[in-house]
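Novice: The following comprises the amino acid sequence and a computationally predicted model.
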Amino acid sequence: MVTDFTELHGDRAFADDPAIVAGFGRIGEAGFAVIGEQKGRDTRDKLRRNFGMPHPEGYRKALRVMEMAARFGVPILTLVDTQGAYPGVGAEERGQAEAIARNIREMSLLEVPVIVAVIGEGGSGGALAIAVGDRVMMQESAVYSVISPEGCASILWRDRERVPDAARALRMTAADLLEFGIIDEIVPEPPGGAHHDWDEAARGLKRAVLAALGRLAGRPGSELVAERIARLASLGAYAS
């Protein structure tokens with residue numbers, strides 16, 4: 001989907017986090033900053049990438065790239081796929097919660113188009129830290145929730161047999177989230193899911209991203225920010 005991609009590394013403070021891949025490239029004819037969570041392909045790669053659970057330095061790297069994109073007027077695409085931020089002691093000591101909160105705040109204020117795509121699993125604050133956008137889309141088989149069904153069942157019932165009940169209660173599917181106004185659109189996948197045809201899945205996502213950019217490009221930065229903040233403020237509002 002992305003050509004001429006140049007990856008950038010490190011948060012300029014502590015380390016590089018392979019759980020987040022970030023850099024600049026082209027989607028079609030448009031230049032983009034692309035930031036994505038990467039779970040890994042095989043066992044060795046999954047271990048290196050911490051199964052897609054970022055440390056705080058990963059979120060700080062993502063923010064560094066986003067701020068660079070804003071400086072040069074480049075639109076941003078984030079690809080969300082994580083079960084959540086890494087909850088280890090070291091990550092907490094290095095400011096995991098602060099890094100997530102800072103990203104949410106700073107992403108709200110970026111004066112360039114920000115497009116978010118949930119491409120697999122969007123879990124808790126680990127997803128939210130790169131998911132504040134002007135246009136939020138999900139592939140049709142993706143899930144997006146405050147907690148995993150396993151974690152929810154463990155907390156509410158202390159019973160893994162209740163995982164299916166938790167999944168239904170969480171309303172975490174793309175169709176549910178579109179109905180609630182959490183996302184803006186569902187991106188179709190090939191028959192059987194994206195893993196049956198990676199190339200076609202990427203082409204479908206590329207079309208959706210470029211269409212979203214077409215709706216956002218050329219709009220004043222102040223207008224994008226105002227609407228993005230209003231969007232965030234409206235989430236969770238209830239009217240009888």
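Specialist: Right, received. Where do you want to start? Because the structure is a prediction, the values reported are computed rather than measured.
Novice: Return the per-residue confidence for residue 238.
Specialist: pLDDT recorded at residue 238 is 74.
Novice: Distance of it relative to residue 180?
Specialist: Applying CB to CB, to the nearest Å, the value for residue 238 to residue 180 is 11 Å. C-beta coordinates here come from the backbone N, C-alpha and C atoms, glycine included.
Novice: would you list every one of the strands in the chain?
Specialist: Taking DSSP state E, the strands of the chain run over residues 3-8, 20-27, 30-37, 76-82, 114-123, 135-139, 143-145, 185-187.
Novice: For the ones you listed, give me a markdown table that also has mean neighbour count, distance to residue 46 and mean pLDDT.
Specialist: Listed next are these as a markdown table, based on neighbours: other CB atoms under 10 Å; distance: least, CB to CB, whole Å; pLDDT from 0 to 100:
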| stretch | mean neighbour count | distance to residue 46 | mean pLDDT |
| --- | --- | --- | --- |
| strand 3-8 | 11 | 19 | 96 |
| strand 20-27 | 20 | 14 | 97 |
| strand 30-37 | 22 | 13 | 97 |
| strand 76-82 | 25 | 13 | 97 |
| strand 114-123 | 25 | 13 | 95 |
| strand 135-139 | 23 | 21 | 97 |
| strand 143-145 | 22 | 19 | 95 |
| strand 185-187 | 18 | 25 | 96 |
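Novice: Distance to residue 107 added to those strands, as CSV?
Specialist: What follows is the strands of the chain, written out as CSV (distance: least, CB to CB, whole Å):
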stretch, distance to residue 107
strand 3-8, 17
strand 20-27, 13
strand 30-37, 10
strand 76-82, 8
strand 114-123, 6
strand 135-139, 12
strand 143-145, 16
strand 185-187, 19
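Novice: out of the ones you listed, nearest to residue 58?
Specialist: Nearest of the strands of the chain to residue 58, taken as CB to CB: strand 20-27 at 3.9 Å.
Novice: Just the CA coordinates for the closest one, please, in CSV.
Specialist: Output of strand 20-27 as CSV, limited to C-alpha atoms (Å, rounded to 0.1, in the frame of the first residue of the first chain):
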residue,chain,number,x,y,z
ILE,A,20,5.6,0.6,16.4
VAL,A,21,6.8,1.2,12.9
ALA,A,22,6.9,4.8,11.8
GLY,A,23,8.2,6.7,8.8
PHE,A,24,7.3,8.5,5.6
GLY,A,25,6.2,7.2,2.2
ARG,A,26,3.7,7.6,-0.5
ILE,A,27,0.2,6.2,-0.9
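Novice: Pull up the pairing partners for it, direction included.
Specialist: Strand 20-27 pairs in its sheet with strand 3-8 (antiparallel), strand 30-37 (antiparallel), by DSSP bridges.
Novice: And residue 238 and residue 180? Which one has more around it.
Specialist: Neighbour count, other CB atoms under 10 Å: between residue 238 and residue 180, residue 180 has more, with 11 against 4.
Novice: Leaving out the residues flanking it, which one is nearest to that one?
Specialist: Spatial nearest neighbour of residue 180, chain neighbours left out: residue 171 (7.3 Å); criterion: CB to CB, 6 or more residues apart in numbering.
Novice: and what of residue 15?
Specialist: Excluding the flanking residues, the one nearest residue 15 by CB to CB, 6+ apart is residue 57, at 5.0 Å.
Novice: Surely that neighbour and residue 94 touch.
Specialist: Yes: the pair residue 57 / residue 94 is scored as a contact, 7.1 Å apart, by CB atoms under 8 Å.
Novice: Give the residues shared as contacts by the two.
Specialist: Listed as contacting both residue 57 and residue 94 by CB atoms under 8 Å, 6 or more residues apart in numbering are residue 14.
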